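Student: Need a 3D model of the following:
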Amino acid sequence: MKTLTRFLAFGILASIAVNIVSGCAAVPGRQLASIQERPISPDTGKTADLVLLARVWGYLKYFSPVISERNIDWDKVLIDQLKSMDENPAAGVLPSIRTMLDSAALSAPSGRKSGAKQLADAKEIEKVNINHHWIASAKQLGQEEKDRLTALADYFKPFKNKYIITPDVSGYPSPQFREETYGKDFLPEKHFRLLALFRYWNIIEYYLPAKYQQQGGWPAKLARFIPEFANADTDRDYARALIKLNAAITDGHSIMPTHAKFPEYVLPGRLIRLPFAMAVIGDTVFVHQADSGFAELSGMRPGDRVHTVNGAPVSRYVDLLRANMSDPRSEMKDYYISVSGILRMMPGSGDTLTVGYESGGQAKTFRGRYGDEEIAQYGAAGARAWAKQQEAQKIAAPKPAMQLLDGDILYIDPAKWSGKMADTTRELLSKAKSLIIECRTYPNFDFINFTHFLFRKQTECILWNGTIGYPGLTKTLEYKRGPDRKVHFKGKVVALIAERSVSRPEMLTMIVKARKGNTVFFGRTTGGADGDVTPIPMVGNQDMRFVISGLDVLYPDGGYTQGIGIGPDVEVPLTVAEFAGGKDVIYQRALQYLAANP
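Tutor: So this is what the prediction gives:
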């Protein structure tokens, strides 16, 4: 829900000498490390020390007001301590942690424990992501260091943090992160790669409302990724580390940080563009579309099952793509693989293309020359076909926002609806016996605001759960709809949902679901990516976009939707024939249902 309005501000009201002056961390280049180092392994004391350093650095970054008040370059502090640990490995992590504490928490706070009170007053659902037990269990810390860290949370008061603007300050539904990206290099130097990891990990730790999905495993993932980031000394290795990190949070909004380069980073060897596009449903990989001329040459048609490309099982490549995508549901991974077209890029060698496929129940093989000339030829044909398709869409008569169908069924597509249609819609609703609401397109927010007509009385539809000033804590807010001042629609409502119901369409789906009686959902489970899209600035320039769902969207009773989706009452399974043929089976099934159940 990218354009949620400012009504989501949560109304939560928003000190000490320092011995480090503000500075600018040096721009990370591709230079070699200044000292010889052994690669970091996952289960070593050094990894454990780096895990603790990352956690203390992030904890101080968000809990200590001194860093922001004195404009300390906290990235530079981390880089300096990483270098110090490399230069003095026998000293361990404690000297670095003491340096950070002396910079950000010189004296113990006193007075009222306002932070502890915030936690005590919060609902259970608002503090599900809070975990400070790691401080007490850290073997490398002495009691003094533990007390100084714990005191920052106990006495926490909201302050203007230079690295983040939270919704209770900005009035926007999700946090905004203010971070440096440091230069234009794709591959930063090792210490800056660890900075990227530590930054991302701590943002998830404190500001991903749906961190509960990790089921307590997020700290373990930090330990797992430290060696991967530290040892990623090539562009490809670093890109893969970033993609795996993105996949680790299983957020529906962050399915892939890049579409164009994703196969190149994930799949092995040299990739070639195939003259046909493939889609996947479960264990079935099939032709979705073929370039002009190739269908005639090969005999391959939309819907034909594809088994191998150049002798390798296509399923192997699908599994690699799935393993590096961020979503807990395999059907959503398959959906994005299919609609993004990334299965067009496959490993290839030589000047021959060999495809093993099945058509009409018969196993077949296409083998033909496919060198640079053919790749360019079919690529140009594909580009022409795409341009022709776009032109056809421009001149095609647009589908109306509303249609009164046979049987007094009113169909509304909220993506095309505007507030100017409100009075006309009320008039049509007064005539209609049944209503179909399209929840598979991205609805205009005007229609969201118009949904009062679904309810006889004011009804709680959604429970927002957003981040606030206290790191890791959230605040819930009820979202209610109804009644409309002129009309209440009492007839049967059918909502159409599917995998492409992602984000704001899911918000609309939840509103319709709150109507309860005389309401039926047709189709397939929605994307499970409700909430506001929040970018995370990464270190370096990889042409990747890292985002999270910065606002949690719950059912009124606190039930989760992120990574789960909203299921239908009447399921219409996705089939190869539907996908390849382009038929709207869900819509047709809804019409059949209404004809049989007026």
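Student: hey, let's count contacts and neighbours off CA atoms from now on
Tutor: Fine.
Student: On the three-state scheme, residue 484 is what?
Tutor: Going by DSSP: H, G, I helix; E, B strand; the rest coil, the secondary structure assigned to residue 484 is coil.
Student: was I right about it contacting residue 459?
Tutor: No: contact criterion C-alpha atoms under 8 Å: residue 484 and residue 459 do not qualify, at 11.6 Å.
Student: Low-confidence ranges, the stretch 351-500 of the chain, go.
Tutor: Within the stretch 351-500 of the chain, the stretches with pLDDT under 70 are 392-397.
Student: residue ranges of the strands in it, please?
Tutor: For the stretch 351-500 of the chain, the strands defined by DSSP state E, counting those that start in this stretch occupy 352-359, 362-369, 402-405, 409-412, 434-438, 459-467, 474-481, 492-497.
Student: need the contact list for residue 574.
Tutor: By C-alpha atoms under 8 Å, 6 or more residues apart in numbering, the residues touching residue 574 are 281, 524.
Student: Let me know the secondary structure of it.
Tutor: Going by three-state DSSP: residue 574 is coil.
Student: could I get the strands of the stretch 351-500 of the chain as JSON lines with distance to residue 79?
Tutor: What follows is those, written out as JSON lines (distance: least, C-alpha to C-alpha, whole Å):
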{"stretch": "strand 352-359", "distance to residue 79": "49"}
{"stretch": "strand 362-369", "distance to residue 79": "53"}
{"stretch": "strand 402-405", "distance to residue 79": "58"}
{"stretch": "strand 409-412", "distance to residue 79": "55"}
{"stretch": "strand 434-438", "distance to residue 79": "51"}
{"stretch": "strand 459-467", "distance to residue 79": "28"}
{"stretch": "strand 474-481", "distance to residue 79": "31"}
{"stretch": "strand 492-497", "distance to residue 79": "48"}
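Student: Just give me the longest helix of the protein.
Tutor: Scanning the chain for the helix with the most residues, using DSSP state H, yields helix 372-395.
Student: Can you mark which positions in it are buried?
Tutor: By 16 or more other C-alpha atoms under 10 Å, the buried positions in helix 372-395 come out as 375, 377-379, 381-382.
Student: can you tell me how far the nearest residue to residue 176 once chain neighbours are set aside sits from residue 179?
Tutor: Of all residues not flanking residue 176 in the chain, residue 165 sits nearest, at 5.2 Å (C-alpha to C-alpha, 6 or more residues apart in numbering). Residue 165 sits 11 Å away from residue 179, going by C-alpha to C-alpha, to the nearest Å.
Student: got it, and residue 372?
Tutor: Counting by C-alpha to C-alpha, the gap from residue 372 to residue 179 is 43 Å.
Student: Repeat that for residue 554.
Tutor: Distance, residue 554 to residue 179, by C-alpha to C-alpha: 29 Å.
Student: Which one of the buried residues of helix 372-395 is nearest to residue 338?
Tutor: residue 382 (16.8 Å; C-alpha to C-alpha).
Student: Spit out the contact partners of the residue nearest to the closest one when sequence neighbours are not counted.
Tutor: Among residues not flanking residue 382 along the chain, residue 291 sits closest, at 5.3 Å (C-alpha to C-alpha, 6+ apart). Residue 291 is in contact with 275-276, 378-379, 381-382, 385, counting by C-alpha under 8 Å, 6+ apart.
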